[in-house]
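Undergrad: Let's see this in three dimensions:
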Amino acid sequence: MDKPVNRIDVTPGTALPAAGTNILVGTSLLTDDIVPVLDPGLLRIYVCISVEGVFSVYRTVGAVSVTENLNSGNPLTAGAAYMFSVPWRAGESINFRYSAAGGIINKLQVDEAWQ
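TA: Predicted structure coming up:
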């Protein structure tokens, strides 16, 4: 694959769901987590949120789910843009969580590419 595939593109101004809940389901964007098209794959995540909070990947493999805090577990600055790369493999599913509520998603774009 020569170019990334867009997987998620949240409409700017979308309200954050309750703190600690799955963003993709909580914003009615999807009814479930996303799964890889490529194996192995790499998710390129661009995120900008209007309120300070910790942004996390919520990864499920089989019956085990783990929360992986991005930005070294430090809160994202309100209104600042961040970009992360997250690897994944077949058999995994991913969603995203935020530790705060009451704000809006300025931008959340997730593209999948080869590693």
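
Undergrad: neighbouring contacts of stretch 56-72?
TA: 22, 33, 45, 54-55, 82, 84, 86, 88, 91-99 (CB atoms under 8 Å, 6 or more residues apart in numbering). In short, each C-beta sits where N, CA and C put it, glycine included.

Undergrad: just checking, what packs against the helix-or-strand element of the chain with minimal mean pLDDT?
TA: Least confident element among the helices and strands of the chain, by mean pLDDT, DSSP states H and E: helix 23-26 (a mean of 84). If contacts are counted by 3 or more CB pairs under 8 Å, 6 or more residues apart in numbering; DSSP states H and E, helix 23-26 sits against strand 92-98.

Undergrad: The strand it packs on: what's the following helix or strand?
TA: Sequence order places strand 104-114 as the next helix or strand after strand 92-98, per DSSP states H and E.

Undergrad: any chance you could map the strands in the protein?
TA: 5-10, 14-15, 41-49, 55-61, 64-69, 81-88, 92-98, 104-114 (DSSP state E).
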